[in-house]
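have a look at this fold, sequence not included:
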């Protein structure tokens, strides 16, 4: 029977994991709103300053799998604490940067630390909580991931307006220091620490290069830096590197444990997670343009409507996770993806005259769907792996999540541009007419719904009935 002290310690571990997850996720989007101010202050063009965002996403995505494997070999606590320390140092250096080169380099350092923490959070929480409480605990992690991703622009705007662009980085420093101290105080070392195993360095190099090339091609195309042909060439080259990685992986201690994918619960779980994030980030990318364009709302009104999603997620994600501990995950994951699909279809039907109530109701539906899916799905994925593989399992789950985020925005931009023949910079400048914008917006919404319904079909047909 668990003691009150054990429960208190677990709650501190969860609180530490939630705060750091929130800060690391927030930093992926909080900078966007500050880019014009940074560009003006550092006297650079918009394409140069976009690397402040791109470099962060590239570094995180490229390194997630590496930290998962290393932590399974050497112990999760030390890598988590190191990640917090590096993230804090990178944040401090970002705030002190006086050139675009220094800022981008500091963002890479910040992302290295963030990737270490993000890769291990799910494994740490899973190992700290018994299976009967795992879903609820991971529900809190899922909630802060969604909230951090979606409220970044509004938080960034407030900080920039109140204290300048450097404040969006300096705010991380005291939180990061506290996180390092708390990690060593309350977090036990994983049982896998000291395990005799080798690290697949050649495989790690190939994987990092493949992921970096793949994501840089997608992000550069999305931001208008590369044309479609050059971006496609980068993706093809990345796939060639990935094939080389698979050949190197035929060894005793590979970087990625292929046996994890023998579990239908694990494999379908990470794939449907990617589908879910493709659907969600297709919607979130264009929603602000829709609200402030055809709908004619102010920034404040648009922000208030967009905030419905993270608020609903914050409330329902832990509830859905706790419910999955009682009735199992599948009814909730299937229902969540179905609700998301319905919400996205409804979103595609909204026109320029849609009422605030109708628009807010659609965002609410999307929040219910996301919360219903993410927490139970994460619990099923992390509960399907051996405890000495929690690090790499959490890394893989986080990687598929990032893959969905970046792919979702890239697919949305590509579809919109193909449908309207308009570039994304024209949308940002407001030079695309309402009727033309709505044509592209509907296509994006319907395709996003297709990903949600596709994930639902995988959930229904792909997992063994015994699981």
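Perfect, thanks for sending it. Just so it is clear, the model here is predicted, and its values are computed rather than measured.

what about the stretch 251-400 of the chain, any weak spots by pLDDT?
251-255, 257-258, 299-300, 387-388, 390 (pLDDT under 70).

right, I mislabeled it, should have said the stretch 1-150 of the chain
1-7, 28-29, 32-33, 46-47, 134, 149-150.

the helices in it, which residues?
Here the stretch 1-150 of the chain has its helices, by DSSP state H, counting those that start in this stretch, at 4-29, 35-42, 46-49, 51-74, 76-96, 100-128, 131-163.

and residue 231, which of the ones you listed is closest to it?
helix 51-74 (12.9 Å; CB to CB). Just so you know, the C-beta spots here come from the backbone N, C-alpha and C atoms, and that holds for glycine as well.

name the helices or strands packed onto that closest one?
Where contact means 3 or more CB pairs under 8 Å, 6 or more residues apart in numbering; DSSP states H and E, helix 51-74 is packed against helix 4-29, helix 35-42, helix 76-96, helix 100-128, helix 201-222, helix 390-420.

including distance to residue 158 and mean neighbour count, could these go into TSV?
TSV is the format used below for the helices and strands packed on helix 51-74 (distance: least, CB to CB, whole Å; neighbours: other CB atoms under 10 Å):
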stretch	distance to residue 158	mean neighbour count
helix 4-29	12	19
helix 35-42	13	16
helix 76-96	17	22
helix 100-128	20	24
helix 201-222	26	21
helix 390-420	23	23
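
could you dump these to CSV with distance to residue 444?
Shown next, in CSV, are the helices and strands packed on helix 51-74 (distance: least, CB to CB, whole Å):
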stretch, distance to residue 444
helix 4-29, 19
helix 35-42, 23
helix 76-96, 32
helix 100-128, 27
helix 201-222, 13
helix 390-420, 5
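
relative to residue 272, which of the ones you listed is closest?
Per CB to CB, nearest to residue 272 of the helices and strands packed on helix 51-74: helix 390-420, 9.1 Å.

what's near enough to touch the residue nearest to residue 292 when sequence neighbours are not counted?
Using CB to CB, 6 or more residues apart in numbering and skipping residues adjacent in sequence, the residue nearest residue 292 is residue 302, 5.2 Å away. By CB atoms under 8 Å, 6 or more residues apart in numbering, the contact list for residue 302 reads 288, 291, 292, 295.

let's go with 10 Å and repeat that
154, 287, 288, 289, 290, 291, 292, 293, 295, 296, 359 (CB atoms under 10 Å, 6 or more residues apart in numbering).

widest-spaced pair of these?
154 and 296 (19.4 Å).

between these two, which is the more surrounded one?
Higher neighbour count among residue 154 and residue 296: residue 154, with 20 against 12, using other CB atoms under 10 Å.

how close does residue 206 sit to residue 391?
Going from residue 206 to residue 391 by CB to CB, to the nearest Å gives 20 Å.

same question but for residue 281, I mixed them up
Applying CB to CB to residue 281 and residue 391 gives a distance of 26 Å.

what do you get for residue 322?
Noted for residue 322: a distance of 25 Å to residue 391, by CB to CB.

can you name the residues that contact the residue nearest to the spatial centre of the chain?
The chain has residue 402 as the residue nearest its centroid, 4.7 Å off, counting by CA atoms, centre = their mean. Listed by CB under 10 Å, 6+ apart, the contact set of residue 402 reads 28, 57, 60, 61, 62, 64, 115, 118, 211, 215, 274, 277.

turn those residues into TSV, including distance to residue 168.
Shown next, in TSV, are the contacts of residue 402 (distance: CB to CB, whole Å):
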residue	distance to residue 168
28	12
57	16
60	17
61	21
62	23
64	23
115	19
118	18
211	26
215	23
274	28
277	24
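
which of these sits closest to residue 315?
Set against residue 315, the nearest of the contacts of residue 402 by CB to CB is residue 277 (20.2 Å).

isn't that closest one right up against residue 404?
Yes. Checked against CB atoms under 10 Å, the pair residue 277 and residue 404 is within contact range at 2.8 Å.

give me the common contacts of these two.
The contact sets of residue 277 and residue 404 overlap at 451, 455 (CB under 10 Å, 6+ apart).

picking up where we left off before, distance check, the residue nearest to the centre of the chain against residue 111.
The spacing between residue 402 and residue 111, counted by CB to CB, is 11 Å.

what of residue 360?
34 Å.

try residue 298
For residue 298 relative to residue 111 (CB to CB), the value is 33 Å.

break this structure into its domains for me.
1-199, 257-467 (automatic domain parsing).
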